[in-house]
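> What follows is a predicted protein model with its sequence.
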Amino acid sequence: MEEEIGIQLLRTNGQLVKSERRDCFNDFYDVWLFDQSFEMSDTILQEEEVTAIQWVTKLELERMLHANNIVPTLSYFTSI
């Protein structure tokens, strides 16, 4: 998060919810869920990889996924 939007998350506020080895990319894919507040005005977007950020509800995120407005690899959130 710090590299992508300039927000430093505290590991003690996070929980690893998914971890898998991706042979096709020769890497590991870890998904963390954090319970931590921050102000949107404190963010600094890494312009080469992040186009925008916003707060959404789970229902809004599901709608965005079905409308192809977010990358399909983020579909794991439906199981959290």
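Here it is on my side, so go on.

> Do me a favour and get the backbone dihedrals for the nearest residue to Gln36 once chain neighbours are set aside.
Spatially, and ignoring its direct neighbours in sequence, Gln36 is nearest to Asn13 (4.3 Å; CB to CB, 6 or more residues apart in numbering). C-beta: built from backbone N, CA, C; applies to glycine. In terms of degrees, to the nearest 10, the main-chain angles of Asn13 are phi -90, psi 0.

> what residues are up against Asn13?
Neighbouring residues of Asn13 by CB atoms under 8 Å, 6 or more residues apart in numbering: 34-36.

> now do Thr43
By CB under 8 Å, 6+ apart, the residues touching Thr43 are 5-7, 53.

> Mind putting those into a markdown table with pLDDT, neighbour count and distance to Gln46?
Formatted as a markdown table, the contacts of Thr43 follow (pLDDT from 0 to 100; neighbours: other CB atoms under 10 Å; distance: CB to CB, whole Å):
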| residue | pLDDT | neighbour count | distance to Gln46 |
| --- | --- | --- | --- |
| Ile5 | 95 | 16 | 7 |
| Gly6 | 95 | 14 | 8 |
| Ile7 | 95 | 17 | 11 |
| Ile53 | 91 | 12 | 11 |
